[in-house]
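Peer 1: okay, here's the prediction I keep looking at, along with the sequence it came from:
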Amino acid sequence: MRKKYRMNLKMIAGAAALSITLLLTGCGADNISGDKEGQDVITTAVEDTEADAAKEDGGNAVSETAEDDKDLAPDFTAELVGGGSFSLSENRGKVVLINIWATWCGPCVEEMPAFEKLNGEYGDDVKIICVNCYEDKKSVDRFVSENGYTFPVAYDEDGAINGLYPTDGIPYTLVIGKDGKVKNSYVGSSGMEEQYRTYKAAIDAALAE
């Protein structure tokens, strides 16, 4: 088995395209200050559902609906390269693979063909969304165009989406089940072929549930 690599933010020297200073966790998840007026990416964190306490034998019990909502993957809506948008909540009932990446991250770039292959195999049955963090749109557009990728790529210029899914390194990939809950998460990459097999197995397991 090949050694698994990931890009820690200590390794971003030379990433001059980044518009803000990144912290050492994820792509600067701890540096998120919230939505800003006029931003292109609109992010909404999943809020705990406020439900009336169910009365059982004179005691208070949190409703099952509220408990289930707490376990959902954080919702977000993001603008896509080429136009349109992606909303996690609008894809409830489908398996979703979320990948957080950057063009300067070698392991991220190395595994990208796996997403192209998976996207072609599953079509609309599985939603694949690769969220680029902290880079400007022109850099992302150029990367996607030069490589001819057709799977959905989203902008996250201010890192708000990354802040919903904090990690100590990228690439960071999650498989979300049809119930909207995180089934698997992965940090780092062992190359295109191994990551393809790993993600495919996780997707198939989620589809079978």
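Peer 2: In hand now; what should we look at?

Peer 1: neighbours around residue 194, how many?
Peer 2: A total of 15 residues lie near residue 194 under the criterion other C-beta atoms under 10 Å. For every residue, glycine as well, the C-beta is placed using N, CA and C.

Peer 1: likewise for residue 163?
Peer 2: Residue 163: 23 neighbours (other C-beta under 10 Å).

Peer 1: would it count as being in a helix?
Peer 2: Yes: according to DSSP: H, G, I helix; E, B strand; the rest coil, the state of residue 163 is that of a helix.

Peer 1: measure it to residue 120 for me?
Peer 2: Distance of residue 163 to residue 120, given as C-beta to C-beta, to the nearest Å: 31 Å.

Peer 1: and residue 80, by the same measure?
Peer 2: The spacing between residue 80 and residue 120, counted by C-beta to C-beta, is 18 Å.

Peer 1: kindly report the same for residue 209.
Peer 2: Shown here: residue 209 relative to residue 120, a distance of 23 Å by C-beta to C-beta.

Peer 1: ok, residue 151 touching residue 127?
Peer 2: No: in this structure, residue 151 sits apart from residue 127 without contact. The criterion is C-beta atoms under 8 Å, and the distance is 9.6 Å.
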